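> Model the structure of this input:
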Amino acid sequence: MDTTDTGQVRLEPWAEGDFRLLQRTNSPEMTDHLGGPESEEKLATRHQRYLGLERGQMYRITLADTGETVGSIGFWERVWRDRAVWETGWGVLPEFQGRGLAVKAARAVVVAARAAGEHRYLHAFPSVDHPASNAVCRGAGFELLGEVEFEYPKGHWLMSNDWRVDLGRG
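Numbers count the residues shown, from 1 in each chain. Here you go, the predicted structure:
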């Protein structure tokens, strides 16, 4: 099992039993900046996509000392501006927010994406109206490239910040 441990959080590869975590992160509070909750059918489809990623990896974020699940993060391939890149996204459950766990997980996912090779850049696209996710990018060492119109989920356009890490450095 490929596990990434930062000392405070551990990234555990996404597994069949992690569907419940998807359900927990599908609340109105957690999806406010993502177009709102998804149907159970869309969640099931996303879960299967996470399990079957051929390029990239989804993870369950756990506390290193207790193993308690606190959220999810991952990286996957996408085409951005005519170039294949890695994209990342995350969600930390409300009761664990404000502790810096997402920043630690984002730093760990940078290490994992760098180790995976294939692409020079890892991007994150949080909504411009989501200060917490933008702070995670800043804290994890991403460079702000500017505002972009971004489609997520399919059919829902939002103004996002394009944050990037050069995986060829460090």
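> just checking, next helix/strand downstream of the helix or strand harbouring L122?
If you go by DSSP states H and E, L122 is part of strand 121-124. Moving toward the C-terminus from strand 121-124, the next helix or strand (DSSP H and E) is helix 131-139.
> show me where this protein has helices.
19-24, 28-31, 40-51, 101-116, 131-139 (DSSP state H).
> Ok, which of the ones you listed comes nearest L63?
With Cβ to Cβ as the measure, helix 101-116 is the member of these nearest L63 (7.9 Å). From N, CA and C alone the C-beta is placed, and that goes for glycine too.
> Work out which residue lies at the spatial centre of the protein.
Centrality entry for the chain: nearest residue to the mean C-alpha point is G89, 2.0 Å, by Cα atoms, centre = their mean.
> you'd agree that one is up against I73?
Yes - G89 lies in contact with I73 (Cβ atoms under 8 Å); the separation is 7.2 Å.
> Can you point out the buried residues in stretch 46-61?
R46, H47, Y50, G56, Q57, M58, Y59, R60, I61 (16 or more other Cβ atoms under 10 Å).
> from the residues you listed, which is closest to E118?
Distances from E118 to these, taken by Cβ to Cβ, are shortest for G56, at 9.0 Å.
> contacting residues around the nearest residue to the closest one once chain neighbours are set aside?
The shortest distance from G56 to any non-neighbouring residue, by Cβ to Cβ, 6 or more residues apart in numbering, is to W76 (3.7 Å). By Cβ atoms under 8 Å, 6 or more residues apart in numbering, W76 lies in contact with L53, R55, G56, M58, W86, E87.
> separation between the last one and V103?
Read it as E87. 18 Å (Cβ to Cβ, to the nearest Å).
> Indicate each strand paired with the top strand by length along the chain and its parallel or antiparallel sense.
For the chain, the strand with the greatest residue count under DSSP state E is strand 69-80. Using DSSP bridges, strand 69-80 pairs in its sheet with strand 56-63 (antiparallel), strand 83-92 (antiparallel).
> Among the buried residues of stretch 46-61, show me the least confident.
Taking the buried residues of stretch 46-61 together, the minimum pLDDT is found at R46 (90).
> Please list all residues in contact with that residue.
Counting by Cβ under 8 Å, 6+ apart, R46 touches L22, E38.
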